[in-house]
Every structure is written in C-alpha cells, then in structure tokens.
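> Could you work out the structure for the sequence below:
(one chain, ligands or ions: 1)
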Amino acid sequence: MRVLVPVKRVVDYNVKIRVKNDGSGVELANVKMAMNPFDEIAVEEAVRLKEAAGATEVIAVSCGVVECLDTLRTAMAMGADRGILVETATGLEPLAVAKLLKALADKEQPQLIILGKQAIDDDSNQTGQMLAALLGWPQATFASKIVLEGSKVVVIREVDGGLETLSLTLPAVITTDLRLNAPRYVTLPNIMKAKKKPLDVTKPEDLGVDVTPRLKTLKVVEPAKRSSGIKVPDVATLVAKLRNEAKVI
Ligand code: AMP
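Below is the predicted model of the structure:
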C-alpha cells in the first residue's frame, strides 16, 4: 500500500512573525523555515504504518519554491522512501495545492493520503478537504488515531467533548491532529541516507494544473499590542479597579 504525504515548507514555529512594512504579507527574508508541524506528524504516521508492514511505500510531496527540497529531505530522513517537488514560484492557495495533489494521486495511485490538518502559516485547514472532494474519496479530518484494517482504515477523531470513530474504505484522505503521535528526531545517519533516496522535480504545467491565484490579499496587520499589567495590593483594590476602571463588574 502506497501512502502519499504532502509536506509544506513554512516559517519555523519558534520564529516570531514580523509583518512587512508595506502590509503585503509576512517577512520571509532570512527567516528560518521548517516543515509544517502537522505534516511532521503525517510523515511519522506514514512511516509507522510502513514499519508495521501496513504500508509498502511512503512518498513525500511538496509544492512550492526550490527550497522545498530541504523539507522533502527532512521527510526522507524521517523515513519517507522518495520525494516529489512540484516546483513553482507562484504563491499557492489551498485549491491549487489540492489540484496538484489530485494530479499526483492520479499518477501515483496511493491508497492513503495523509496531510496535516492545517498549515501554520495560512491556517487555512482546506487542502485535505478539497483534495478528498476532487478525488471523490472518503475523508477523516483531525485524526488522533489511525488503524489499518484490510481494505478499510479506522480513524478516531477528536470532536467537541469526545471522540468520534470512523471507518473509511480505502483509498482515503486523512488529516492529522496534534495528538496522533510524537514525530521522531531526524538523526545524522538518516540525513546522509536520505541523500541517496530518489527525488523527482515536476512543474504544475507538467501536471496540467493552472495555479494562478484566485484571491488577493488586501492587507496584513500585526495584532494589537497588549498593554502591560499591574500588581494590586489587595482584593478590595482589584474589585475597585474592575468596577471603576475596566468597568467589567
Ligand atoms: P492548509 O489547507 O493550507 O491549512 O494545509 C493543510 C495541509 O495541506 C498541510 O498540513 C499540508 O499537509 C498540505 N499542504 C498545504 N500546502 C502545501 C504545499 N504547498 N505543499 C505540500 N503540502 C501542502
């Protein structure tokens, strides 16, 4: 069983995001980039499925600039067997990514596609859902447990106030939640080994997909600055301040 894992290159989650002076987006120059954390969880899960002999091949896919090759190498150092870069300098929207992934799924014929539930840069939470719709495959989003059962996959998902268990017929699309697993660290020997793994580069045109943006970003602004807090000497002062200054009681 072949598993496809889309991995996005995003600003590292430890970096404090700065908005560009002209408000057109966030600063990416000289900023540390990394694999989207939910996609690390997706790679880890696919590799565990392979280690448990449920999957036979794990293919990592990234769509974007040539530097996404680093993200693919990380995925391969974690255990993915090969990588595919869909190279484009055009900023990609979730629908464009979903169309590219659909074209690759048609070509590679995976039985399972595991994506992150959302990319931490655009917070869209759309690509997996759109991909499932384009493919006409069943989907389970926000997975916290995945179990292969023959031609089916059982997924437990976290919903408000509890857990939901779904059984999907393969092929299927799954998106990962934070508690699915704890991704392994990439070791130096595995980074070296990953260098020998196959890595293909293709372009949206080769896949027959038009990735022209359909949305226009009007403005990006920093969140409002929070004023600093004060210490109050006693409860009476706190209540007085809440009543007379904050006017919340
Ligand atoms: P989003 O819908 O943008 O929040 O992204 C959800 C998931 O789709 C991510 O966690 C990735 O698994 C996948 N994805 C989104 N954009 C890309 C991309 N440019 N390349 C590869 N995978 C992507």
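> what about the strands in this structure?
2-6, 9-11, 33-35, 57-64, 82-87, 112-116, 139-149, 152-159, 162-169, 172-176, 199-202 (DSSP state E).
> Hmm, V186 is touching M76, no?
No - counting by C-beta atoms under 8 Å, V186 sits too far from M76 to count as a contact (9.5 Å). Using the backbone N, CA and C atoms, a C-beta is placed for each residue, glycine as well.
> out of the two, which sits in the busier spot?
M76 (26 against 18; other C-beta atoms under 10 Å).
> List the contacts of the more buried one.
60, 82-83, 194, 197, 199 (C-beta atoms under 8 Å, 6 or more residues apart in numbering).
> Most neighbours among those, which one is it?
Result: A60 is most packed of the contacts of M76 (other C-beta under 10 Å), 30 neighbours.
> count of neighbours near G128?
28.
> For it, give its distance to the ligand.
Here G128 is placed at a distance of 6 Å from the ligand (C-beta to the nearest ligand atom, to the nearest Å).
> Where do the helices of the chain begin and end?
37-51, 68-78, 94-108, 127-135, 188-194, 235-244 (DSSP state H).
> Mean pLDDT for the ones you listed - can I get that in JSON lines?
As requested, the helices of the chain are exported to JSON lines (pLDDT from 0 to 100):
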{"stretch": "helix 37-51", "mean pLDDT": "97"}
{"stretch": "helix 68-78", "mean pLDDT": "97"}
{"stretch": "helix 94-108", "mean pLDDT": "98"}
{"stretch": "helix 127-135", "mean pLDDT": "98"}
{"stretch": "helix 188-194", "mean pLDDT": "95"}
{"stretch": "helix 235-244", "mean pLDDT": "95"}
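> Would you mind giving these as JSON lines with distance to V211 added?
Shown next, in JSON lines, are these (distance: least, C-beta to C-beta, whole Å):
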{"stretch": "helix 37-51", "distance to V211": "19"}
{"stretch": "helix 68-78", "distance to V211": "14"}
{"stretch": "helix 94-108", "distance to V211": "4"}
{"stretch": "helix 127-135", "distance to V211": "13"}
{"stretch": "helix 188-194", "distance to V211": "27"}
{"stretch": "helix 235-244", "distance to V211": "52"}
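> do stretch 84-96 and the ligand meet at all?
Yes - Stretch 84-96 comes into contact with the ligand (C-beta under 6 Å from any ligand atom), by way of 92, 94.
> Endpoints of that stretch, how far apart?
Start-to-end span of stretch 84-96 (C-alpha to C-alpha, to the nearest Å) is 16 Å.
> Other residues contacting it?
Residues contacting stretch 84-96 (C-beta under 8 Å, 6+ apart): 59-66, 68-69, 72, 100, 104, 122, 124, 126-127, 130, 199-204, 207, 209-215.
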